[in-house]
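For reference, the sequence and a predicted model appear below.
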Amino acid sequence: MAAPAETAPAQYLLPRHAGPWSLDDVLSLPEDNSQRIELVDGMLLVSPLGSYRHQQLAGRAFRSLVAACPDYLEATIELNVLLSSGRLVIPDFTVVRPREAGVMFPVSDVVLVGEVFSPSTRLNDKGLKRGLYAQAGIEYYLMVDPEPHVVEATLLELQHGEYVEIAVSKGGVLETERPFPVTITF
């Protein structure tokens, strides 16, 4: 009789976990540069890092925001934003009031968040995250859609608890005066 073959232990992307996830649970996960892990009300939102095109568009927005930011603001990329005690998100790019912060940046100092849609995040970016950002009081939300032939960007401003469209790109170029004058060419 042959000896039973040894089997390799199962590999899990995330460790087994019972019940809702907490901020401490998420922060204790090992570093993983292949995906984003966000936390909303005890549930993980896991998505792969963006494609080359996704990163290219986020980079263009980021560079334009850096060049246009007034001295009292700063543009960042892929910042951990703490919306509330059970909500941690990672926008593609942000504009913040600079401050000392640890691993998580407080939403109270976030002025603008931006998301570049991708197939795996489109529904969350247009629905769930838009609602979370509005509920958290983030003044501006910039949505970038690479799907049309020419990239479409839409800037929303929070008014009376709801986002209202205040600028839309034309021919792949977004020009706006708020929250400060900036032109972003996609």
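Okay, I see it. This structure is a prediction, so every number in the text was calculated from the model and none was measured.

Quick one: classify residue 29 as helix, strand or coil.
Secondary structure, DSSP: H, G, I helix; E, B strand; the rest coil: residue 29 is coil.

Could you report the neighbour count for it?
Counted by other Cβ atoms under 10 Å, the residues lying close to residue 29 total 13. C-beta coordinates here come from the backbone N, C-alpha and C atoms, glycine included.

Confirm for me that it is in contact with residue 37.
Yes: counting by Cβ atoms under 8 Å, residue 29 does reach residue 37; the two are 6.5 Å apart.

shared neighbours, the two?
residue 14 (Cβ atoms under 8 Å, 6 or more residues apart in numbering).

in stretch 133-152, what counts as buried?
Within stretch 133-152, the residues that qualify as buried are 133-134, 136, 138-146, 151-152, counting by 16 or more other Cβ atoms under 10 Å.

How about stretch 175-186?
Under 16+ other Cβ under 10 Å, the buried positions of stretch 175-186 are 176, 179, 182, 184, 186.

Return the subset of the buried residues of stretch 133-152 lying in helices.
133-134, 136 (DSSP state H).

Dump the buried residues of stretch 133-152 into JSON lines; add distance to residue 53 as well.
Conversion of those to JSON lines gives the following (distance: Cβ to Cβ, whole Å):
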{"residue": "133", "distance to residue 53": "23"}
{"residue": "134", "distance to residue 53": "27"}
{"residue": "136", "distance to residue 53": "28"}
{"residue": "138", "distance to residue 53": "25"}
{"residue": "139", "distance to residue 53": "28"}
{"residue": "140", "distance to residue 53": "23"}
{"residue": "141", "distance to residue 53": "21"}
{"residue": "142", "distance to residue 53": "17"}
{"residue": "143", "distance to residue 53": "16"}
{"residue": "144", "distance to residue 53": "11"}
{"residue": "145", "distance to residue 53": "12"}
{"residue": "146", "distance to residue 53": "6"}
{"residue": "151", "distance to residue 53": "9"}
{"residue": "152", "distance to residue 53": "14"}
